[in-house]
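>>> what follows is a predicted protein model with its sequence.
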2 protein chains.
Amino acid sequence: MRNLVVLFILFTFSLQAQESDSVIIRKFFNEELTKGKSYGLLDHLANNIGGRLSGSPQAAQAVDWGKRTMDFLGFDKVWLQEVMVPHWVRGDKEQAKIISSKEKTEVRICALGNSIGTGSKGITANVIEVKSFKELEILGKKKIEGKIVFFNRALDPTNIGTGSAYGGAVDQRGSGAVEAAKYGAIGVVVRSMTLTMDDHPHTGGTWYKDSITKIPACAISTIGATKLSESIKLDPETKFYFKQTCEMLPDEKSYNIIGEIRGSQYPEEIIVVGGHLDCWDICDGASDDGTGIVQSIEALRLFKVLGIRPKRTIRAVLYMNEENGARGGEKYAEVAATLHENHIAAIESDGGGFTPRSFGVDNENAIAKMQPWVELLKQYGIMEIKKGWGGVDIGPLKKSGAVMIGYTCDSQRYFDYHHSEIDTFDKVNKRELELGTSCIASLLWLISEYGL
Amino acid sequence: MRNLVVLFILFTFSLQAQESDSVIIRKFFNEELTKGKSYGLLDHLANNIGGRLSGSPQAAQAVDWGKRTMDFLGFDKVWLQEVMVPHWVRGDKEQAKIISSKEKTEVRICALGNSIGTGSKGITANVIEVKSFKELEILGKKKIEGKIVFFNRALDPTNIGTGSAYGGAVDQRGSGAVEAAKYGAIGVVVRSMTLTMDDHPHTGGTWYKDSITKIPACAISTIGATKLSESIKLDPETKFYFKQTCEMLPDEKSYNIIGEIRGSQYPEEIIVVGGHLDCWDICDGASDDGTGIVQSIEALRLFKVLGIRPKRTIRAVLYMNEENGARGGEKYAEVAATLHENHIAAIESDGGGFTPRSFGVDNENAIAKMQPWVELLKQYGIMEIKKGWGGVDIGPLKKSGAVMIGYTCDSQRYFDYHHSEIDTFDKVNKRELELGTSCIASLLWLISEYGL
């Protein structure tokens, strides 16, 4: 009988908790969908500041804006965290041509981030098309030396999640230059990392190794890639010409920006929500990752404006340099370790501001604890809390024991825009963005109430 | 022991069935995501034919295209079903002004579908703003007579499903003219049925009653509505002027287009999938309902091209006249009843071509039977099969006993475009559309295999 009474009390308590959670969550959504600031903040970041690659004047403007914005919103504490970042510049507009025995065809390319330039005369050489590093190995130095390697493995459209499709092709962009240089290639051109057939080249980081000769690397639009491939089929002696004057300058001083609301009961337990403030120079970075930035700021603002005090400390972190170095994420984790800070969880939003679908979590115990929350969030679009990945910026915090959580929104459109000139403000839907913000605020609330 | 054996056999059978279903479903997705025709078909319908209101030359072109397309695809049988439809024409570009004591401000309006015109001089009168029919009753004839009634109840943004938000406001557009005329109003202007703040007026059907004086009705953009409301607050004597030369012409002959693949085992049991071929004249109707049309055709093409024979007959129906009369849906059900056809289910796609979320079903027993299918469809985005609504066109089939099923895709962007000049092809994402097509084909397969 006593057990039954205890059970009854527990049941009633849990029911009340659920009810009160659902009321709090509803408040987040009502506030955001009627008086939300996510869209207005994004408008400023994308349209007034624009492209903001690490080390650029626009990145410095974005830092200033992020700090002022969180100060203005009256968070308990707002500060800058210094971090040295790479400073890569694109130089002049890139040029490229397919040169077959029959004709010369201009095609649209852009230099890959971190790439060296070609020199002012550009480079011209025969092209060899491959779809994998294995192919390079089979072809060997004899067939590759002195040539431009064309990586043309497309993203697999039958992958339903576009992130998996991207993951299955992006090695070509990240390591293509190093792998091709091993066999004596003098340059690489990589098919753009998108599922669409269009004429926008998509940039993104490429990574050199000190021990391997650095060769210039560029991305070609998917239409251009198709043309180049066809040209090689018709004329195996097809040459490719490209010119890019990009270069890596000395590191620059920059900052992560951190704002927090102190927990009322366990202030030493910290929950981070973040995105990256830097973005590629050829777009305004609305979806990658302006949306993550404004969702992180706005999630905290919702607590503030609604007078909801979290039990644990919640922190918005605007990370610098995700795109071509990930130094901000490293720095944040390094400082946290030095200060012996206790991060219990970190949420990253870096998949665009599309309609909510799920949260991905890297820890099975946490997933089990979070399952009852799905029922609270389903009506808002979060259908699952399941095994998944956090993100690049929060990644370095993992070794501290923090649970890594990725906000997963609908992925179908993300790579259409990603790292290209069409990643612009007009591609973001106001309500979709706001729903994401509210889902993230709700998760912050639940973790701050119940821990993980 | 015998029971155990039976159970084991049943379990094995069910496992095999599931496996074979999952293989078939994967085939639909692989084919559609790599060689799908949905997007190309939509391109033609939206960009080459365009706006196609019932009775218009474009609607006739669309009928011709629909028939030729299904003939070309080699469905077992393709035929036209004659139906007389209303023929409303918009006339000249509408004009409107807010006239206060201080200034005249031009605003963007469009006539509501089925509305009468204002005469060539337009009408000018004092405006009275209301948010409900109840307010009209309270104000009464004395305050309304001779005026233009301005219905300004916004869609509720805190409704997560935009369809519910629309449902909570659309009475103003559908019945506003009739309700205002009861109190002697001489015209109505209705806030556009959208959640966005922009300058695109959204049209849509308005409905007269024979016993009530017909008065002209128009939609004003949400920006215009805000201006009008502010003007009335500053100057209660604000007048509104609008001119529209729309009119209803005699009924025209038109058609539903029907294509079918005969069932191999139960051909007399029919499963319909459909959308509506007509659309408003001011847009190309890509999302409303070009996407439903091409998904219906393409779902059948997937069976055909993959050589998958359904046990039950599957039928694509391109309904005519959903927007301003729903005569096509009525006609189809009427003929089905006359021929004693046995429709076991009907699926409607009329919510745009966005990412799949769920199927809505009107019948609890069918929902229970369909639950195991959710596990097969989850990886493709269908997270739920739950209580819901079929659609306007399939609605009249309900009395025959058919289960009504609505394909429910993400709803956040739909009403941004709906019935306005920005419902255009470029708003549709190829992959999102294709995922929807494949989900619908998968559901057709499951129903054709197992019945309901």
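Arrived safely.

>>> please make it C-alpha for all contacts and neighbour counts, starting now.
Noted.

>>> what residue lies at the spatial centre of chain A?
Geometric centre of chain A, nearest residue: residue A:350, 4.0 Å, by Cα atoms, centre = their mean.

>>> which parts of the stretch 1-150 of chain A sit against chain B?
Residues of the stretch 1-150 of chain A lying near chain B by Cα under 8 Å from any Cα of the partner chain: A:29-30, A:33-34.

>>> and these, which are buried?
Buried members of the residues of the stretch 1-150 of chain A next to chain B, scored by 16 or more other Cα atoms under 10 Å in any protein chain shown, are A:29-30, A:33.

>>> as a markdown table, those residues with secondary structure would be great.
Below are those laid out as a markdown table (DSSP: H, G, I helix; E, B strand; the rest coil):
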| residue | secondary structure |
| --- | --- |
| A:29 | helix |
| A:30 | helix |
| A:33 | helix |
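
>>> could I get those residues in a markdown table, plus columns for pLDDT and distance to residue A:209?
Listed next are these as a markdown table, based on pLDDT from 0 to 100; distance: Cα to Cα, whole Å:
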| residue | pLDDT | distance to residue A:209 |
| --- | --- | --- |
| A:29 | 98 | 47 |
| A:30 | 98 | 50 |
| A:33 | 98 | 48 |
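
>>> can you tell me which of the residues you listed lies nearest to residue A:385?
Nearest to residue A:385 out of those is residue A:29 (Cα to Cα; 19.1 Å).

>>> thought that closest one was touching residue A:432?
No: with contact defined as Cα atoms under 8 Å, residue A:29 does not reach residue A:432; the gap is 11.7 Å.

>>> three-state assignment of the residue nearest to the centre of chain A?
coil.

>>> and it, its phi and psi?
Phi and psi for residue A:350, reported as degrees, to the nearest 10, are phi -150, psi 40.

>>> just the CA coordinates for whichever strand or helix holds residue A:65, please, in PDB.
If you go by DSSP states H and E, residue A:65 is part of helix A:57-72. C-alpha atoms of helix A:57-72 as PDB (Å, rounded to 0.1, in the frame of the first residue of the first chain):
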ATOM      1  CA  PRO A  57      36.500  42.900 -42.200                       C
ATOM      2  CA  GLN A  58      33.000  41.500 -42.400                       C
ATOM      3  CA  ALA A  59      33.900  38.800 -39.800                       C
ATOM      4  CA  ALA A  60      35.100  41.600 -37.500                       C
ATOM      5  CA  GLN A  61      31.800  43.400 -38.100                       C
ATOM      6  CA  ALA A  62      29.900  40.300 -37.300                       C
ATOM      7  CA  VAL A  63      31.800  39.900 -34.000                       C
ATOM      8  CA  ASP A  64      30.900  43.400 -33.100                       C
ATOM      9  CA  TRP A  65      27.300  42.900 -34.000                       C
ATOM     10  CA  GLY A  66      27.000  39.600 -32.100                       C
ATOM     11  CA  LYS A  67      28.500  41.200 -28.900                       C
ATOM     12  CA  ARG A  68      26.300  44.300 -29.200                       C
ATOM     13  CA  THR A  69      23.200  42.200 -29.800                       C
ATOM     14  CA  MET A  70      23.600  40.000 -26.800                       C
ATOM     15  CA  ASP A  71      24.600  43.000 -24.600                       C
ATOM     16  CA  PHE A  72      21.400  44.800 -25.800                       C
END
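
>>> by contact count, what packs against it?
For helix A:57-72, the packing partners by 3 or more Cα pairs under 8 Å, 6 or more residues apart in numbering or on different chains; DSSP states H and E come out as strand A:77-89, strand A:247-261.

>>> without its sequence neighbours, what residue ends up closest to residue A:303?
Distance criterion Cα to Cα, 6 or more residues apart in numbering or on different chains; nearest residue to residue A:303, sequence neighbours excluded, is residue A:309 at 6.6 Å.

>>> returning to what we had before: which residues are contacting the helix holding residue A:65?
A:45, A:49-53, A:77-80, A:254-259, A:277-278, A:297, A:318 (Cα atoms under 8 Å, 6 or more residues apart in numbering or on different chains).

>>> close enough to count as contact, residue A:195 and residue A:417?
No: between residue A:195 and residue A:417 there is no contact under Cα under 8 Å: 10.1 Å.

>>> picking that back up, retrieve the pLDDT associated with the residue nearest to residue A:303.
The score at residue A:309 is 97. That number is its pLDDT.

>>> got the contact list for it?
If you count contacts by Cα under 8 Å, 6+ apart, then residue A:309 has A:263-264, A:303 around it.

>>> a markdown table for the helices and strands packed on helix A:57-72, including mean neighbour count and mean pLDDT?
Converted to a markdown table, the helices and strands packed on helix A:57-72 look like this (neighbours: other Cα atoms under 10 Å in any protein chain shown; pLDDT from 0 to 100):
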| stretch | mean neighbour count | mean pLDDT |
| --- | --- | --- |
| strand A:77-89 | 19 | 98 |
| strand A:247-261 | 20 | 98 |
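
>>> I'd like those as CSV, with distance to residue A:61 appended.
Converted to CSV, the helices and strands packed on helix A:57-72 look like this (distance: least, Cα to Cα, whole Å):
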stretch, distance to residue A:61
strand A:77-89, 13
strand A:247-261, 11
